[in-house]
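>>> Return a 3D structure for these sequence lines:
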Amino acid sequence: MNEREIFIHPSATVHPKAQLDTGVWIGPYSFIGEKVILHKKTKIDSHVSIDGLTEIGESCRFSPFSSIGTEPQDLTYKGEETRVKLGDRNIFREMVSINRGTIKGRKQTVIGNDNYFMAYSHVGHDCIVGNETVFINAATLGGHVTVDDYATMGAFSGVHQFCRVGKYAFIGGFTVATQDVLPFCRVAGMRPTHLYGLNSIGLRRKGFSRERIGNLKEMFKIFFYSELNTTQALKKIEEQLPPSEDRDEIINFVKSSKRGIIKKGSEKWDVESG
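Numbers count the residues shown, from 1 in each chain. Okay, here's the model as predicted:
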């Protein structure tokens, strides 16, 4: 097929009112519901179900048995019309599930661009996921979670409802996060979850300079390893560190946190090496 043709396998079920753009490919035994919108060059492998008021951007890829746009797993849901909106170039591997929003929440579940969801990942109702995140196998978001750009969710990790994961954060495998995860940091474990300092390796891979990482380390020392309370630490960061996008990201994140920040440090982390 050329890039303007639409391919639908004879065994697939596609509602006649579903909107399919040029270059869409739908494999065997997949289901596309009435209110689904598929934009250019999105590929649906075999045995995929996409239903509800769901809009999917360009050049996305769905592996077998992924389930998108299903009803929220919320006992108060009564069939209200809510939606899922996905951006461009996202990859959803086998058994990924994404629920649509709820009326009492954001009314939609939103995922940005260039994200990679490995097998069995789950995004609950009313979640917002940014751009270029990675969800490793079976990573799970409860409802109303926000995951900011470039974050990584480890295998079998879970984030509690209404929590937020900051930019460039790394959540280790089998971690349970019941509070917000500060941008740029690493956390791992459960009961309690430990802070393991700055996500230095991830930041270097993203092109952060030595100076930029050094400034972040200074902020982390003040916030996590001083004798100051949160208000005092933020004030000291504002006074001692030069204005920057990273400084403002941390300050604004902490000030807007509703569930508190994971703070419990680990003796295994060397504040000098990060």
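>>> Could you tell me the end-to-end distance of stretch 22-39?
Terminal residues of stretch 22-39 are spaced 7 Å apart (CA to CA, to the nearest Å).
>>> buried sites along it?
For stretch 22-39, the buried set under the neighbour-count rule, 16 or more other CB atoms under 10 Å, comprises 23-27, 30-33, 35-39. C-beta coordinates here come from the backbone N, C-alpha and C atoms, glycine included.
>>> contacting residues around that stretch?
Judged by CB atoms under 8 Å, 6 or more residues apart in numbering, the contacts made with stretch 22-39 from elsewhere in the structure are 1, 3-9, 11-15, 17-21, 40-58, 69, 88.
>>> Check the residues you listed for burial and list the buried ones.
Buried among the contacts of stretch 22-39 by 16+ other CB under 10 Å: 8, 12, 14, 18, 20-21, 40-58, 69, 88.
>>> wait, what's in contact with the residue lying closest to Gly172 once chain neighbours are set aside?
Nearest in space to Gly172, with sequence neighbours left out and distances taken as CB to CB, 6 or more residues apart in numbering, is Ala188 at 3.0 Å. Ala188 makes contacts with Gly154, Ile171, Gly172, Gly173, Thr175, His194, Tyr196, as judged by CB under 8 Å, 6+ apart.
>>> Just the buried residues out of those residues, in ChimeraX syntax.
Typed into ChimeraX, the line below selects the buried ones among the contacts of Ala188, using 16+ other CB under 10 Å:
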select :154,171,172,175,194,196
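>>> Which ones among the contacts of Ala188 lie within strands?
Using DSSP state E to define strands, the subset of the contacts of Ala188 located there is Ile171, His194, Tyr196.
>>> Tell me, how many residues neighbour Thr76?
9 (other CB atoms under 10 Å).
>>> can you map out the strands along the stretch 151-274 of the chain?
With DSSP state E, counting those that start in this stretch as the definition, the stretch 151-274 of the chain shows strands at residue ranges 152-153, 158-159, 164-165, 170-171, 176-177, 185-188, 194-198.
>>> residues near the closest residue in space to Asp149 that isn't next to it in sequence, how many?
Spatial nearest neighbour of Asp149, chain neighbours left out: Gly130 (3.9 Å); criterion: CB to CB, 6+ apart. When neighbours are counted by other CB under 10 Å, Gly130 registers 20.
>>> Quick check: Gly130 touching Ala151?
Yes: with the criterion set as CB atoms under 8 Å, Gly130 and Ala151 qualify as a contacting pair; they are 7.4 Å apart.
>>> okay, and the common contacts of those two?
Among the neighbours of Gly130, those also in contact with Ala151 (CB under 8 Å, 6+ apart) are Lys167.
>>> and the chain, what are its domains?
The record assigns the chain these domain ranges, following automatic domain parsing: 7-202, 208-256.
>>> So which of these is the most surrounded?
By mean neighbour count, with neighbours taken as mean count of other CB atoms under 10 Å, domain 7-202 ranks first of the domains of the chain at a mean of 20.
>>> That one: how far from the chain's middle?
In terms of CA atoms, centre = their mean, to the nearest Å, the centre of domain 7-202 is set 7 Å apart from its chain centre.
>>> Please apply the same query to stretch 190-210.
Between the mean C-alpha point of stretch 190-210 and the mean C-alpha point of its chain there is a distance of 17 Å (CA atoms, centre = their mean).
>>> out of the contacts of stretch 22-39, which are inside strands?
In this view, the contacts of stretch 22-39 that belong to strands under DSSP E are 7-8, 13-14, 19-20, 43-44, 49-50, 53-56, 69.
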